[in-house]
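S.K.: What would the 3D arrangement of this be:
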Amino acid sequence: MSTITIKSVDELVQVVKNSQYVHVFGNGSKTGLKTGLHSEYSDDVRQVQLSGLIGITEYQPEEYTITVQAGTPVKVIQDALAQNGQYLPFDPMLADKATIGGTVATNLSGSRRFRYGGVRDFILGASVVDGQGRSFRVGGKVVKNSAGFDLTKFLVGSLGLYAIMTELTFKVFPDVTDFTTLKLTYATLDDLLNTVYFLNQSVFELDALDFEPDGDNWVIWARMTGIADTLSERVERLIDTLREKTNLKEFSEMKADNTVWDSHNNLSWSDHPNFIKVTLPPKQIPALENRMGSPEFVRRYSVGGNIAWLAMDNTHLGFLETILDDVDVTGLQILGDGDSAILGKSIDNPLADRVKAIFDPENKLV
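M.R.: I've put the predicted structure just below:
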């Protein structure tokens, strides 16, 4: 198995045309995905690293759009946007190491996507190289754009299996500097989930909503943003409402403190080596918890309960596979070194198979 760092689109085109199998990655920050998808192809795979495709190619702050090469570190993009008071609302994870192409390919949004949506909601267009070595662009570079089947959205979460992204365009938002984080404690999972359902349907506009077990209790982490003059009033109104409508046990407030959110987005809230992302509806959480409620599995639920993050040591990966299969959900290993990046329920998507057949008929992209 050989690895090559690509520095131009033309070079990438030639590599795809001249290789039997190609596995693409950005900066290697997602260790669970670097080799786990193609173990059956062994030495026939050419590993292609896109960290040489780096740079912001077009940024129009007044139009709220930015175009970047796929190997550009997320942190570089965030710093450029911050200079104009803007940010990527889908809140990329592992930002200190990840590339923007890897973020899109894994659909890896952070806690703050709760309010405005994930990667699919903010990607406008992409330049790609498909499995036949053809270079072309899909989507556009402006917000108002529509034309037929939106392949750009289909690339999100594709893991580089349909086409290799070389350049990406996003819409961005103005950021808000004033925020506060609330720690809301509940005695049981039922009490907490009832509160989550209530908050999801309430008038309170939360910037993020995560939760996790905490000893014998359960804790909600809620982030609120806004204008400093009214933020404290909104927080007080929220707490009064939760006291009236839910079984709130206790609460505390951390003003302008990003510790909780940085810990989650960097996946540093557990010392375990393996982190698995599971997409599920919140109503499936009790079934998952019934199988997983042990110290061997550290859990954190994000985006209002629609994403479960599971951390564990190597000895429990096999057990997790059985649990996810029983609960009928699929896991994607982001960090670690498992036998396969996909755990649990198999993914059956006829539309994805048709797209794969069109753009990669020889199954080169693995």
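S.K.: Going by C-alpha atoms from here, please, whenever you check contacts or count neighbours.
M.R.: Fine.
S.K.: Enumerate the positions of stretch 167-177 that are buried.
M.R.: For stretch 167-177, burial by neighbour count (16 or more other CA atoms under 10 Å) applies to 167, 168, 169, 170, 171, 172, 173, 175.
S.K.: Now do the nearest residue to residue 220 once chain neighbours are set aside: how many residues are near it, please.
M.R.: Leaving aside its chain neighbours, residue 220 sits nearest to residue 211 (4.2 Å; criterion: CA to CA, 6 or more residues apart in numbering). As a burial measure, residue 211 scores 25 neighbours (other CA atoms under 10 Å).
S.K.: quick one: residue 211 is in a strand?
M.R.: Yes - assessed by DSSP: H, G, I helix; E, B strand; the rest coil, residue 211 belongs to a strand.
S.K.: ok, now which ones touch it?
M.R.: By CA atoms under 8 Å, 6 or more residues apart in numbering, the contact set of residue 211 is 218, 219, 220, 221, 300, 301, 302, 304, 305.
S.K.: Pipe the buried residues of stretch 167-177 into JSON lines and attach distance to residue 309 per row.
M.R.: Output for the buried residues of stretch 167-177, formatted as JSON lines (distance: CA to CA, whole Å):
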{"residue": "167", "distance to residue 309": "29"}
{"residue": "168", "distance to residue 309": "27"}
{"residue": "169", "distance to residue 309": "28"}
{"residue": "170", "distance to residue 309": "26"}
{"residue": "171", "distance to residue 309": "27"}
{"residue": "172", "distance to residue 309": "26"}
{"residue": "173", "distance to residue 309": "27"}
{"residue": "175", "distance to residue 309": "26"}
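S.K.: Just grab the bridge partners of the residue nearest to residue 220 for me.
M.R.: Beta-bridge partners for residue 211, by DSSP bridges, are residue 220, residue 301.
S.K.: Next one: the most centrally placed residue in the chain relative to residue 101, how far apart?
M.R.: Compute the mean C-alpha point of the chain, and by CA atoms, centre = their mean the closest residue is residue 108, 1.4 Å away. Plainly put, residue 108 is 11 Å away from residue 101 if you go by CA to CA, to the nearest Å.
S.K.: what does residue 111 give?
M.R.: Taking CA to CA as the measure, residue 111 falls 19 Å from residue 101.
S.K.: Looking at those two now, which is surrounded by more residues?
M.R.: Set side by side, residue 111 and residue 101 show more neighbours around residue 101, with 32 against 28, by other CA under 10 Å.
S.K.: how about the helices in the stretch 101-250 of the chain?
M.R.: 113-116, 151-155, 189-200, 228-245 (DSSP state H, counting those that start in this stretch).
S.K.: related to what we said a few turns ago, I'd like the contacts of residue 211 written out as a markdown table, with neighbour count added.
M.R.: Formatted as a markdown table, those follow (neighbours: other CA atoms under 10 Å):
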| residue | neighbour count |
| --- | --- |
| 218 | 20 |
| 219 | 24 |
| 220 | 24 |
| 221 | 22 |
| 300 | 19 |
| 301 | 25 |
| 302 | 24 |
| 304 | 26 |
| 305 | 24 |
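S.K.: can I get the residues you listed in a markdown table with distance to residue 245?
M.R.: As requested, the contacts of residue 211 are arranged in a markdown table below (distance: CA to CA, whole Å):
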| residue | distance to residue 245 |
| --- | --- |
| 218 | 17 |
| 219 | 17 |
| 220 | 15 |
| 221 | 18 |
| 300 | 24 |
| 301 | 22 |
| 302 | 22 |
| 304 | 18 |
| 305 | 20 |
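S.K.: Quick one: closest of the helices of the stretch 101-250 of the chain to residue 49.
M.R.: Checking those against residue 49 by CA to CA gives helix 151-155 as the closest, at 17.8 Å.
S.K.: what residue of this protein is the furthest out?
M.R.: Relative to the mean C-alpha coordinate of the chain, counting by CA atoms, centre = their mean, the farthest residue is residue 244 (34.2 Å).
S.K.: Report pLDDT for that one.
M.R.: According to the prediction, residue 244 has pLDDT 97.
S.K.: what does the one 3 residues further on give?
M.R.: At residue 247 the predicted local confidence, pLDDT, stands at 98.
S.K.: quick check: domain ranges of this protein?
M.R.: Domain ranges of the chain: 179-255, 264-344, per automatic domain parsing.
S.K.: closest to residue 91 out of those domains?
M.R.: Proximity to residue 91, assessed across those by CA to CA, is greatest for domain 264-344 (8.3 Å).
S.K.: Could you work out the end-to-end span of the closest one for me?
M.R.: Using CA to CA, the end-to-end distance of domain 264-344 comes to 23 Å.
S.K.: now stretch 21-30
M.R.: Distance between the two ends of stretch 21-30: 20 Å, counting by CA to CA.
S.K.: hmm, back to that, how close does the residue farthest from the centre of the chain sit to residue 203?
M.R.: Per CA to CA, residue 244 is found 15 Å from residue 203.
S.K.: again, but for residue 65
M.R.: Counting by CA to CA, the gap from residue 65 to residue 203 is 29 Å.
S.K.: higher neighbour count, the two?
M.R.: The neighbour comparison of residue 65 against residue 203 (other CA under 10 Å) goes to residue 65, with 21 against 9.
S.K.: Bridged to that one, which residues?
M.R.: With DSSP bridges as the criterion, residue 65 is bridged to residue 60, residue 171.
S.K.: Was I right to think it contacts residue 170?
M.R.: Yes - if you go by CA atoms under 8 Å, residue 65 and residue 170 touch, sitting 5.6 Å apart.
S.K.: Find residues that contact each of the two.
M.R.: residue 141.
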